[in-house]
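1. Sequence first, then the predicted structure:
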Amino acid sequence: FTFLVIFLVLFFSQVVFSQEKDPRIAIIPVPAEMSVKSGSFIIQKSTHIFYDSAVSDQSHTFFNQYLNLIAGFRLGTTTSADTHGNIELRVDSKMVVQPEGYNLQVTDKRIIITGHDPAGTFYGLQTLQQLLQKDKNAQISVPLVTINDYPRFTYRGMHLDVSRHFFPVSSIKKWIDVLALYKINTFHWHLTDDQGWRIEIKQFPKLQDISSNRSETILGHKRSDPHIFDGKPYGGYYTQNEIREIVKYASDRNITVIPEIEMPGHAQATLAAYPGLGCTGGPYPTATYWGVFEDVYCAGKEETFDFLEKVLDEVLLLFPSTYIHIGGDECPKTRWQKCPSCQKRINDENLKDEHELQSYFIRRIEKYLAGKGRKIIGWDEILEGGLAPSATVMSWRGLEGGIAAAKMKHDVVMTPEKFVYLDYYQSLYENEQVAAGRYTPLSKLYGYEPIPAELDENEAKYIKGVQANLWSEYINNDQKAEYMMFPRMQALAEIAWSGKSQRDYPGFLKRLRSQEHILQTLNVNYFRHFDEIKG
Ligand code: TNX
């Protein structure tokens, strides 16, 4: 009996301790359930991937790309179930019941990944990818684990502003790869703003010729530096072919791309090309500095809606996402107050004021998109003057917008600037790279709980997920974008995917350190002092 007890104690302590101590087992986001045994499965050149017909081809392609980076070889694939020594990829919605969930079993003989759906299998492979490491003998070994895992939230988002600064297709693809590895499933692409329109629209070529260009702003080097202009031309936009390429690339990695076309505010770049769409008739320059601008789309003119509907027609052909982001934030009402056609609209439509005019604007676009089978999502200002009936709210100014919308039974994505804005400082070091004013260190992001305490259990169901935003006013190159994004994106991924009770900041920091080789393998720049910051 004593022997048995000693055996059991040793056995379980090994299971528990090896998880804690084995730096090879550093998975982000932390899985729902995991057990570990000593020993490894060795991936050899002769190892084959077997996959059943429900699994997407892209899954193993993506896996092989990464394996090739660390091992210098790719695995062959087969659809005939000769299983010994293989990696098997399956889909079985009865065995794994949670959408996007998976079961991963690594034994010394084989690896089996079973997903609830193809996305689940893909995520099992991402976990496996994080477990790959070269051991002492330069072999690619995988620790023996059994994992059951599934997401807490269905919406796990990352946003990127390409208007303030433009990023090339190759960088976007590189970042999509990293997002996929951390089980992010939504890429919110902020394509238009005052400082630049970045999507080709065939019916309105001046958007490419004029709205995508401006005079560049030189960034200050200290927080307090003013904006300085050098007057050099700055510009860029994505062709429709490039957009299709990115949407497909993302979709192969289970990432939905949601385009954002800003309205009624943040539209000065559009007005630069089509001044007739503003209240005053212009002329307007594409904005050369940051902020909120008074010249917005005129809500009184039919021309505005004609234009936006035609733009959206082309957008819908490029983006299959259910959601279309229509912006809605920071729209000053000063021009509308003095504009005869806006005042006429307020009268004709029996609206109380300019806030209701904004609501009229958004509802009209909502209706147009609903007619095409799409739904709108917008920043929390769309609550002003009455929320459009089927709108989803992105709560950015705080928690209030999200709370109000959930109480009204509207879907919500939480993205409060105070916690999840990646353009804010991540350290207070004297020589930190210039960023937007506030401070969101890694610990603050990690500590953010997306379900507001004010909501009861039923209301909480409307919180679909959480997103981090990377605004690019102060980010004018890829290296810096990566520096701002990583590793705060990994913290976001963990709060979006992992259960609330699994949150463990010291453990997260350790896993992040153990995983540095992944970012290095992918040639990703990141903020390296993350565990020195006390918050
Ligand atoms: C507010 S968040 C904005 C953006 C800026 C950002 C800078 C939101 C909906 N609007 O236009 O880029 O602050 O942090």
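-> Done, it's in.

2. for the residue in the stretch 1-150 of the chain positioned nearest to the ligand, phi and psi?
-> Here the stretch 1-150 of the chain gets closest to the ligand at one residue, Pro29, 24.6 Å apart by CB to the nearest ligand atom. (C-beta placed from N, C-alpha, C; glycine too.) Pro29 adopts backbone torsions of phi -70, psi 150, taken as degrees, to the nearest 10.

3. so what's it up against?
-> 182-183, 493-494, 496-498 (CB atoms under 8 Å, 6 or more residues apart in numbering).

4. That one and Ser498: what is the separation?
-> If you measure Pro29 against Ser498 using CB to CB, to the nearest Å, the figure is 4 Å.

5. do the same with Ala32
-> The value you get for Ala32 to Ser498, if CB to CB is used, is 7 Å.

6. same thing with Arg110?
-> 27 Å.

7. So if I had to pick from those two, which one is more boxed in?
-> Ser498 (23 against 16; other CB atoms under 10 Å).

8. got the phi/psi numbers for the more buried one?
-> phi -80, psi 160.

9. per-residue confidence at it?
-> Among the per-residue scores, Ser498 shows a pLDDT of 98.

10. cool, the one 4 residues further on as well?
-> The per-residue pLDDT reported for Gln502 equals 95.

11. show me the contacts for it.
-> Residues in contact with Gln502 (CB under 8 Å, 6+ apart) are 30, 32.

12. Could you rerun that using 10 Å?
-> Contacts for Gln502 (CB atoms under 10 Å, 6 or more residues apart in numbering) come out as 29-33, 152, 494, 508.

13. just the buried members of those?
-> Burial by neighbour count, 16 or more other CB atoms under 10 Å: within these this picks out 29-32, 152, 494, 508.

14. one step back: for the ligand, state which of the contacts of Pro29 is nearest.
-> For those, the nearest to the ligand is Ala496 (18.4 Å; CB to the nearest ligand atom).

15. can I assume that closest one is in contact with Ile451?
-> No: using CB atoms under 10 Å as the test, Ala496 is too far from Ile451 to be in contact (11.8 Å).

16. shared neighbours of those two, anything?
-> Common contacts of Ala496 and Ile451, defined by CB under 10 Å, 6+ apart, comprise 152-153, 414, 466.

17. Mind picking the two most distant members of those residues?
-> Maximum pairwise distance among these (CB to CB): 12.5 Å, between Arg152 and Met414.

18. Please identify every residue contacting each of those two.
-> With CB under 10 Å, 6+ apart, Arg152 and Met414 have common neighbours 450-451, 465-466, 495-496.

19. so what's the residue of the stretch 201-350 of the chain found nearest the ligand closest to, chain neighbours aside?
-> Nearest residue of the stretch 201-350 of the chain to the ligand, counting by CB to the nearest ligand atom: Asp329, 3.6 Å away. Leaving out its chain neighbours, the residue that sits closest to Asp329 by CB to CB, 6 or more residues apart in numbering is Trp379, at 3.6 Å.

20. now the one you found, which residues is it bridged with?
-> Beta-bridge partners recorded for Trp379 (DSSP bridges): Met394.

21. residues near it, how many?
-> For Trp379, using other CB under 10 Å, the count is 24.

22. same thing with Val106?
-> 25.

23. Stretch 74-86 - what's its average pLDDT?
-> On average, stretch 74-86 scores 78.

24. how long is it from one end to the other?
-> By CA to CA, to the nearest Å, the extent of stretch 74-86 from end to end equals 13 Å.

25. again, but for stretch 105-122
-> For stretch 105-122, the first-to-last residue distance is 14 Å (CA to CA).

26. So between Ala496 and Ile451, which is more surrounded?
-> Neighbour count, other CB under 10 Å: between Ala496 and Ile451, Ala496 has more, with 27 against 21.

27. what about that one, which helix or strand?
-> Applying DSSP states H and E as the criterion places Ala496 in helix 488-497.

28. From the contact counts, what lies against that helix?
-> Applying 3 or more CB pairs under 10 Å, 6 or more residues apart in numbering; DSSP states H and E, one finds that helix 488-497 contacts strand 155-161, helix 169-181, helix 417-420, helix 442-446, strand 463-470, helix 505-514.

29. quick one: that helix to helix 169-181, angle?
-> Calculated by axes from the mean of the first three to the mean of the last three CA atoms, to 10 degrees, helix 488-497 forms an angle of 40 degrees with helix 169-181.

30. Mean confidence (pLDDT) on stretch 209-225, please.
-> Mean pLDDT, computed over stretch 209-225, is 73.

31. what do you get for stretch 371-386?
-> In this model, stretch 371-386 has an average pLDDT of 96.

32. Buried residues in it, which are they?
-> By 16+ other CB under 10 Å, the buried positions in stretch 371-386 come out as 374-386.

33. Throw these into a markdown table and include secondary structure, thanks.
-> Compiled in a markdown table, those are given as follows (DSSP: H, G, I helix; E, B strand; the rest coil):
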| residue | secondary structure |
| --- | --- |
| Arg374 | coil |
| Lys375 | strand |
| Ile376 | strand |
| Ile377 | strand |
| Gly378 | strand |
| Trp379 | strand |
| Asp380 | helix |
| Glu381 | helix |
| Ile382 | helix |
| Leu383 | helix |
| Glu384 | coil |
| Gly385 | coil |
| Gly386 | coil |
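
34. and the gap between the nearest residue to Ile533 once chain neighbours are set aside and Asp531?
-> In this structure, Ile533 finds its nearest non-sequential neighbour in Pro441, 4.8 Å apart by CB to CB, 6+ apart. Distance, Pro441 to Asp531, using CB to CB: 11 Å.

35. who has more neighbours, those two?
-> Taking other CB under 10 Å, Pro441 and Asp531 do not tie; Pro441 has more neighbours (20 against 16).

36. In contact with the more buried one: list those residues for me.
-> Taking CB under 10 Å, 6+ apart, one finds 424-428, 447, 488, 491, 527, 530, 533-535 in contact with Pro441.

37. Which ones among the residues you listed lie within strands?
-> Using DSSP state E, the members of these that fall within strands are 424-425.

38. still on that earlier bit, please identify which of the shared contacts of Ala496 and Ile451 is nearest to the ligand.
-> Using CB to the nearest ligand atom, Met414 comes nearest to the ligand of the shared contacts of Ala496 and Ile451, at 13.0 Å.

39. Is the closest one in contact with Glu400, as I believe?
-> No: using CB under 10 Å, Met414 is not in contact with Glu400, being 11.3 Å away.

40. circling back: and the residue nearest to Asp329, what does it touch?
-> Here Trp379 is in contact with 260, 262, 265-266, 325-331, 393-397, 401, 415 (CB under 10 Å, 6+ apart).

41. Repeat that for Leu125.
-> So Leu125 contacts 49, 55, 59-60, 62-63, 66, 87, 89, 102, 104, 111, 113, 115, 180-181 (CB under 10 Å, 6+ apart).
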